[in-house]
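Asker: Sequence unavailable; structure follows:
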């Protein structure tokens, strides 16, 4: 079972047939700060070779933002892929100067990203890098 997203220790875990999503999350050390486990069916039974991704909670106008990375303005929070500069993008794990420049260039050339998955669709980051940065970025 591959457990990813907003968990304490993402990775591959061996679980028993018929275990539930809640047990997979527990095997990964539980949810991380800012996780939205309520959006998952924790009672769902697991299947071999499947993946559980624990999303981060989407902030609402009345909810406080969950800190992730400091932005250029000194504020702390998820990085917006549609407004972040190259320096902010370079703070993300697996994103160096070349990739950050490509993200900014792609956004300038093709317009704003519609989803985080657009980074992979445009072949700007690998699937593994996308999963590492997913909890740290937003698209607004």
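Answerer: Sure thing, it's come through. The shown structure was predicted, so the numbers you read here are calculated from the model rather than taken from an experiment.
Asker: Show me which residues of stretch 121-137 are buried.
Answerer: 124-125, 129-137 (16 or more other Cβ atoms under 10 Å). No exception for glycine: its C-beta is placed from N, CA and C like everyone else's.
Asker: what about it, start to end distance?
Answerer: 16 Å (Cα to Cα, to the nearest Å).
Asker: can you list contacts of it?
Answerer: Residues outside stretch 121-137 that contact it (Cβ atoms under 8 Å, 6 or more residues apart in numbering) are 4-6, 10, 32, 34, 53, 56, 68-69, 78-81, 92-95, 99, 102-103, 106, 110, 116-117, 119-120.
Asker: do that again at 6 Å, thanks
Answerer: 4, 6, 56, 68-69, 78-79, 81, 92-94, 102-103, 106, 116, 119-120 (Cβ atoms under 6 Å, 6 or more residues apart in numbering).
Asker: Report the helix or strand with the lowest average pLDDT across the protein.
Answerer: Least confident helix or strand, the chain: strand 69-70 with a mean of 48, by mean pLDDT, DSSP states H and E.
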